[in-house]
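# Kindly return the folded structure for what I paste below:
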Amino acid sequence: MAGTSQKKSFRGQLLLDSGELGGSFFQRTVVLICQHDSEGAFGLVLNRSLGKTAGEMILADLPESLKDSPLFLGGPVQPGALSFLHTDQFMPEASVMPNLALGHSLDELVEMGGSFSPAKKVRMFAGYSGWGSGQLENEMKRKAWLTHPATLELVFETPPEELWQTILKSKGGWKNRLLSQLPEDLSLN
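Residues are numbered from 1 along each chain as shown. Predicted coordinates:
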């Protein structure tokens, strides 16, 4: 029976402002959903830089390899909470998608920054985006978000300030192309 099937999890998906979130914190954001179950969802905004480095903002003895990394604003919830995404060549413990894991422990971050691997990449976030039980599903029904499969390239390689437009254009269709070209403030048009 259709009603008894499990709810769709958005873990490992990117959510993009569909143009419905203008004037809110989430205007033109791209959010990676890291966890999603019946109790709610946890995500990180990938394209909101704080304009500061991890070394400037994190009061811990960070390894040199991480000090100059940009710090991103993961969302409006608990801006003092640290989260990070990391990838490496082989990650059996990957929790978000293949070869991508989410961490919250400063000790783990320091330890990871001290170990050398040419394939390792880390992105750090202050704050996060959270949804209570059923909240994200309701926003999806209202078409507030477009979905797109996350890739390591989109998370780590695509310039964050171009991410929203890049994904919209890649989705195709005239509506997405038009949306990607609109100025942020329509009153300036």
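
# For the chain, just list every one of the helices.
Per DSSP state H, the chain carries helices over the ranges 54-57, 64-67, 106-114, 135-141, 152, 163-171, 174-181.

# so which of these is the most packed in?
helix 163-171 (a mean of 18; mean count of other C-beta atoms under 10 Å). Backbone N, C-alpha and C define where each C-beta goes, glycine included.

# how many other residues sit next to residue 24?
11 (other C-beta atoms under 10 Å).

# list the contacts for it?
Counting by C-beta atoms under 8 Å, 6 or more residues apart in numbering, residue 24 makes contact with nothing.

# quick one: it from residue 69, how far?
27 Å (C-beta to C-beta, to the nearest Å).

# Residue 130 now?
Taking C-beta to C-beta, one finds residue 130 at 24 Å from residue 69.

# now do residue 143
Distance from residue 143 to residue 69, by C-beta to C-beta: 35 Å.

# Compare those two and say which one has the larger neighbour count.
Higher neighbour count among residue 143 and residue 69: residue 69, with 18 against 10, using other C-beta under 10 Å.

# I'd assumed residue 123 was in contact with the more buried one.
Yes: in this structure residue 69 lies within contact range of residue 123 using C-beta atoms under 8 Å: 7.5 Å.

# The worst-scoring helix or strand of the chain on mean pLDDT packs against which elements?
Lowest by mean pLDDT, DSSP states H and E among the helices and strands of the chain is helix 174-181, with a mean of 78. If you count contacts as 3 or more C-beta pairs under 8 Å, 6 or more residues apart in numbering; DSSP states H and E, helix 174-181 packs onto helix 163-171.

# Report the angle between the helix it packs on and helix 174-181.
Interaxial angle, helix 163-171 versus helix 174-181 (axes from the mean of the first three to the mean of the last three C-alpha atoms, to 10 degrees): 160 degrees.
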